[in-house]
Every structure is written in structure tokens, then in C-alpha cells.
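[1] dropping the sequence and predicted coords here.
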Amino acid sequence: MKIKLNYLILILLPAIFVAQDKYYSNLEDSLLGSNTEYRKKWDVKHYDLIIEPDFKNKYIKGSNTIKFQNKGSKIIQIDLKEPMKIDSIFSVKNRVVTFNKQGNFYYLDISVLNNEDNINNELTIYFSGKPIIAKNAPWDGGWIFTKDRSGKDWMSVACEGIGASIWYPCKDYLGDEPDEGMTLTIITDDDLKGIGNGKLIKYWKELDKNYFKWQVINPINNYNIVPYIGEYVNFSDEYKGEKGILELSYWVKPYNLNKAKQQFIQVKKMLEAFEYWFGPYPFYEDGYKLVESPYLGMEHQSAIAYGNRYRNGYLGEDRSGTGIGLKWDFIIIHESGHEWFGNNISNADIADMWIHEAFTTYSETLFIEYYFGKQMANKYIIGQRKNVINDIPIIATYQIHKKGSQDMYDKGANMIHTLRQIIDNDQLFRDIMRGLNKEYYHQTVTTKQIEDYISRKAGIDFSKIFDQYLRTIKIPELSYYIKDNLLYYKWSNVVQDFSMEINTSIGKIKPSENWKSKKINVDNKYLYVDENYYVKVVNTNN
């Protein structure tokens, strides 16, 4: 999230980091989180999704036409969580496709398609039901049926973590995005509008219903496909960026129009800073939107959910405790950062979600640095360390649809900040950030790919440092003591063969797990370590 950032000290807000964690059986975890036998031999190319919600009955119905390439499967797995259900499935030639339901998973017999083009197979899946209702979106995940301040129906969904299959049938596997994008047609009552991802390509009316058809031409995560339905007004702008003119569109509640026009001025500043650090906005073809939502926010690709009440900070507070976070709107900056890390570069397994969250959390620091200078940026990132809890590792177990610790945000960002200190070359660091978004443009990736890329481009083997911060709950401790004008120092509380150079009051040193010594000035009684390195310092003399 996404908006997954939370104050650990708050008791009024639920822990957004653990949002939408569902405790499935081991079998269900594996079927949802892994590239199963019935997933790996077919590749999603496009979704054509139609959705019509019934506010009064908290009910939705629709269809999803899936275009895909078959690589030899006779049976494929489609996911749709109860109480939603698949009603019927037809091939492009209107032939019935039979299926077997096992819990939240459907196994489709596609042998009827064997004589058709394996590259451009199509199935239309009709579905309906009462979806899981979010009790406190976006943290717990589900559909939202509520009323706005004017008493108008207001609907949407937030499903990161829990998965898009809570409301529509899809291949709910993060490692396979629809390569050719998607279309989303939203059917609404006459007095409501339907806002989706990408650009509006068609609008029409039939009887007392509105039809809004939106199109995304780039790959997109399943959980990012989201309708917003309610009373909206629109205003637009454009940004002259690295790839030309980017269309900016804002959909807000009529009573918040003036506030939105003032608050959303920050969007262009965000784009300028992030294009500098990360490269061109990844979805020029689909445009950039903020859509007012009935929940705090989410990084829905090209249609970011905004619910921060038109205030700076995180609901008017500063997660770092420094006051610096009150200089900008957290949801605009953080959720937009996910367009680069999360939507452009996407983790193939939810266990690697730190790729989304650590880099995006660090994007806040880079935004501050761009506009307010490095000193304030450093103060902010260091302030975020108070949120780290070191409960479990940041990287979770693979292929069972489980996330790691919420520390993927603040601890992960501080790890990146530490790597930057070791690199000690801001231009090279920026080149690496931009290079990641170019090398893995519109791709799903693994932690190993990201680790290897950074080490290779930096010319430094960071493998043990990644192991330390991502795969353990231990913060490196620099143990030292001073005796007879000699400084004795080593790393403690570290993984085997850990070594990391750091900047100190006596210059740079590179401790290892074994004691080293260095002659120092007689006046030196203590060793001071640059606080931009996320380590602990222990004076064993004391």
C-alpha cells in the first residue's frame, strides 16, 4: 500500500502493515501463492472486465473476458473467493467451458479450445455474489459500500494482500500480469459516475444506467484494477515530463473541489522529484489520476486512491516525529512513489513485498532531499527508525502468499539509506535508482534480481548486508573499546562473514566479525558513527 504506513504508537488506527493478512490452510496458501501446475502453462494477455454493483444488496455481478496464451494446458486454474461465485464460462465461439470448483479455486477444462489459436485464446467468465466487505479498508481488504457526506452512494474496493479474486475471477498470481493491459467497464445508476484505471475511452447511457469504459494499455497488477463509484466532479491538468506531455486527471467529491485544486498542486512537484530520481513516469500512455476514495489510500496504477482529507502529513501527523513529514501530503507522495516501485517494478511473490515498500518509503526521503535538502532528508529517514519493531524478517516464506514484517517500510528504507552511504556517490546512487526502473520496466521481479543489480552497478558485494537486514531481525552492532591509544572494534549480532564499511569520527573503518585495532589520538575517548548508517554502537568499556 500501501498505505500501509502506520504509526506504531497509534492505537486509534489499525496496523495497516498487517492489512489483509488472511490465515488460509496450507493447501490454500500454496494454491494462491505459487505458480501451480494449472497456472504455469498459460499466460494472461488481457482482461476485459465488466462490473455492476448493487448498493442496496451489497451485491456485484459482471464478466471477465480473459485473453491468454496457452502453453500446453488442458486444465487451467482460475481464482475467485467465496462468497463470490462463477456462474458460467464460454469460449469465444460461445461454446460452454466446464469447470470443477474446489473452495476458492476453479479448474477449467479448456480442451474445447484445442483447435483454436493458442496465442489468442479467449474465455468469458460470468460471475456474481456478495463480495467480502471491508470492515476497515484498506487494511483488512474488501469491498466498500458507504455514503458520502451528501448522502450519495459511494463504492470501491481495496484488495492488496488479500487478492483481487475476492471480487472478480482472474489468475490471482502476482507473477503474471496481463501483458496487454485491461479494460474496465463500470455500470452505475444514473446519478453516479464510475472511475477506473487508465483513460476513459467510451461513455454511454442505456435506460437509467451509465456505462464508463476505461482502458489501460500497460501491464497491471490484478489488485490495482479498481472501480470507484459515486458522485464525482473532474478537473484536469498536464505535466511536461521526461517523455513529453503527461495527462493529469483528478476525480473528487463536489464539496471538496476547491480543497482538491489547492492540495493537488503537489502532484507536479512529486513528478518532478521522482522523475529526477527514478526516471520517467512509467505509464504516460495511461495518464495519472488521483481519485477521492472512501478509505485512506492505495497505489492503484494510474488511478491512485486518495483519502488523506486534504491535509499534509499522514492524516495530519508525521510518522517520523520530526515535523518534516508535515511539509507534504503523505498519500500523494508515498502512493505515487509506488508507480515506480510496485506498479512498474512488481514483486512476483508477496514474500518480496519489500521491493514495493522499502523503495517507496525511501522515495519520501528523496522527495524531501529534492526540495528541502539532504540534511532534512537525513533527519526524516533517521526519525522513521522509531517505527521498527524487528518482530520477524522482512522477507517471508515463498510460494504461500505470506508477507514479511511491516518493517519492510521503515527498516527497509533505512537499509537502502545505509547502502547509499556505503556507495558514497550520489550520482551513482541515482543512476542505480533510474537503472532499476529501466532494466525491469513493466516487469515482475525477485529479490535476487534487485540485489544482484544493485551490487553489480555499485561494484560492491552487498549480499551479506541484504541478508542481515532482510532475512534476520538483528541490527548490526559495532562493538568497540579504547585502550592505550588503540581503538579495538568488530561487528557483533551479524550474519556469518558480515562486513560493512562505515564512516566514523576517526574516518572510515571496515569492521568484520573479528577484532581489529587502529591507533587513535590520545584525546579520543569515544567513537562516533555517522548516524546515517542503520547500526547500533556498543562501547564495551562502559
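    All right, it came through fine.
[2] quick one, helices of the protein?
    For the chain, the helices defined by DSSP state H occupy 26-33, 257-263, 266-278, 330-337, 354-372, 374-383, 410-423, 426-439, 447-458, 463-471.
[3] helices or strands next to the third one in the packing?
    Helix 266-278 makes packing contacts with strand 233-241, strand 244-252, strand 288-292, helix 330-337, helix 354-372, helix 426-439 when contacts are defined by 3 or more Cβ pairs under 8 Å, 6 or more residues apart in numbering; DSSP states H and E. (C-beta placed from N, C-alpha, C; glycine too.)
[4] any buried residues in that helix, and which?
    Of the residues in helix 266-278, 266-268, 270-275, 277-278 count as buried by neighbour count, 16 or more other Cβ atoms under 10 Å.
[5] mind putting those residues into a markdown table with distance to Trp214?
    Below are these laid out as a markdown table (distance: Cβ to Cβ, whole Å):
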| residue | distance to Trp214 |
| --- | --- |
| Gln266 | 24 |
| Val267 | 20 |
| Lys268 | 23 |
| Met270 | 23 |
| Leu271 | 21 |
| Glu272 | 27 |
| Ala273 | 28 |
| Phe274 | 24 |
| Glu275 | 24 |
| Trp277 | 29 |
| Phe278 | 25 |
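[6] the residue nearest to Asn514 when sequence neighbours are not counted: how many residues sit nearby?
    Nearest residue to Asn514, sequence neighbours excluded (Cβ to Cβ, 6 or more residues apart in numbering): Lys490, at 5.9 Å. Lys490 is flanked by 17 other residues according to other Cβ atoms under 10 Å.
[7] so how far does stretch 321-330 reach from one end to the other?
    Terminal residues of stretch 321-330 lie 14 Å apart, using Cα to Cα, to the nearest Å.
[8] what sits up against that stretch?
    5, 263, 266, 269, 308, 310-319, 364, 367-368, 372, 376, 379-380, 383, 386 (Cβ atoms under 8 Å, 6 or more residues apart in numbering).
[9] with just CA atoms, put stretch 66-83 into CSV.
    Output in CSV follows, covering the C-alpha atoms of stretch 66-83 (Å, rounded to 0.1, in the frame of the first residue of the first chain):
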residue,chain,number,x,y,z
ILE,A,66,-9.6,-13.3,-20.4
LYS,A,67,-7.3,-13.3,-23.4
PHE,A,68,-4.4,-15.7,-22.9
GLN,A,69,-1.7,-17.7,-24.5
ASN,A,70,-1.9,-21.4,-23.9
LYS,A,71,1.4,-23.3,-23.5
GLY,A,72,0.0,-26.8,-23.4
SER,A,73,-2.6,-26.8,-20.7
LYS,A,74,-5.8,-28.7,-20.9
ILE,A,75,-6.9,-27.6,-17.4
ILE,A,76,-6.3,-24.1,-16.0
GLN,A,77,-6.8,-22.6,-12.6
ILE,A,78,-9.0,-19.5,-12.1
ASP,A,79,-9.3,-17.9,-8.7
LEU,A,80,-12.5,-16.4,-7.1
LYS,A,81,-13.0,-16.3,-3.4
GLU,A,82,-16.3,-17.2,-1.7
PRO,A,83,-18.9,-16.0,-1.3
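[10] off-centre distance for stretch 228-236?
    24 Å (Cα atoms, centre = their mean, to the nearest Å).
[11] that stretch - what's its average pLDDT?
    Mean per-residue pLDDT for stretch 228-236: 98.
[12] over to stretch 240-259?
    Average pLDDT, stretch 240-259: 98.
[13] pull the number of nearby residues for Thr360.
    Neighbours around Thr360, by other Cβ under 10 Å: 29.
[14] which residues touch it?
    299, 334, 337-338, 340-342.
[15] kindly report the same for Ser405.
    Contact partners of Ser405, counting by Cβ under 8 Å, 6+ apart, are 17, 389-394, 411, 473.
[16] please redo it, this time with the cut-off set to 6 Å
    Shown in contact with Ser405 (Cβ atoms under 6 Å, 6 or more residues apart in numbering): 391-392, 394.
[17] what's the pLDDT at the closest residue to it other than its chain neighbours?
    Nearest in space to Ser405, with sequence neighbours left out and distances taken as Cβ to Cβ, 6+ apart, is Ile392 at 4.7 Å. Predicted confidence (pLDDT) for Ile392: 98.
[18] and Ile392, how far from Tyr203?
    48 Å (Cβ to Cβ, to the nearest Å).
[19] closest one to Lys81 among the helices and strands packed on helix 266-278?
    Nearest to Lys81, of all the helices and strands packed on helix 266-278, is helix 354-372, at 22.2 Å by Cβ to Cβ.
[20] please point out which parts of that closest one sit buried.
    By neighbour count with 16+ other Cβ under 10 Å, helix 354-372 contains the buried residues 354-370.
[21] CA-only coordinates of that helix in CSV, if you can.
    Extracted C-alpha coordinates of helix 354-372, given in CSV (Å, rounded to 0.1, in the frame of the first residue of the first chain):
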residue,chain,number,x,y,z
TRP,A,354,9.9,-5.1,0.5
ILE,A,355,10.7,-4.3,-3.1
HIS,A,356,7.5,-2.2,-3.2
GLU,A,357,7.6,-0.8,0.2
ALA,A,358,11.2,-0.2,1.1
PHE,A,359,12.0,1.8,-2.0
THR,A,360,8.7,3.7,-1.9
THR,A,361,9.2,4.6,1.7
TYR,A,362,12.6,5.8,0.8
SER,A,363,11.0,7.9,-2.0
GLU,A,364,9.7,10.1,0.7
THR,A,365,13.2,10.9,1.8
LEU,A,366,14.3,11.5,-1.8
PHE,A,367,11.4,13.9,-2.3
ILE,A,368,12.4,15.8,0.8
GLU,A,369,16.0,15.9,-0.3
TYR,A,370,15.0,17.3,-3.7
TYR,A,371,13.0,20.2,-2.3
PHE,A,372,14.4,20.8,1.2
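[22] and it, how far from the chain's centre?
    Helix 354-372 sits 13 Å away from the centroid of its parent chain (Cα atoms, centre = their mean).
[23] stretch 156-174 now?
    14 Å.
[24] can you count the residues close to Asp467?
    Neighbours around Asp467, by other Cβ under 10 Å: 18.
[25] so it makes contact with Val495?
    Yes: contact criterion Cβ atoms under 6 Å: Asp467 and Val495 qualify, at 5.0 Å.
[26] does Asp29 touch Tyr398 like I think?
    No: Asp29 is beyond contact range of Tyr398, at 11.0 Å (criterion: Cβ under 6 Å).
[27] returning to that earlier point: so what's the residue nearest to Asn514 bridging to?
    Under DSSP bridges, the beta-bridge partners of Lys490 are Ser479.
[28] circling back: can you turn the buried part of the contacts of stretch 321-330 into a ChimeraX selection?
    Listed next is the ChimeraX selection for buried residues among these, using 16+ other Cβ under 10 Å:
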select :5,263,266,308,310,312,313,314,315,317,318,319,364,367,368,376,379,380,383
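[29] how near is the residue sitting furthest away from the middle of the chain to Ile324?
    Distance from the centre of the chain peaks at Asp484, with 52.3 Å (Cα atoms, centre = their mean). Asp484 sits 43 Å away from Ile324, going by Cβ to Cβ.
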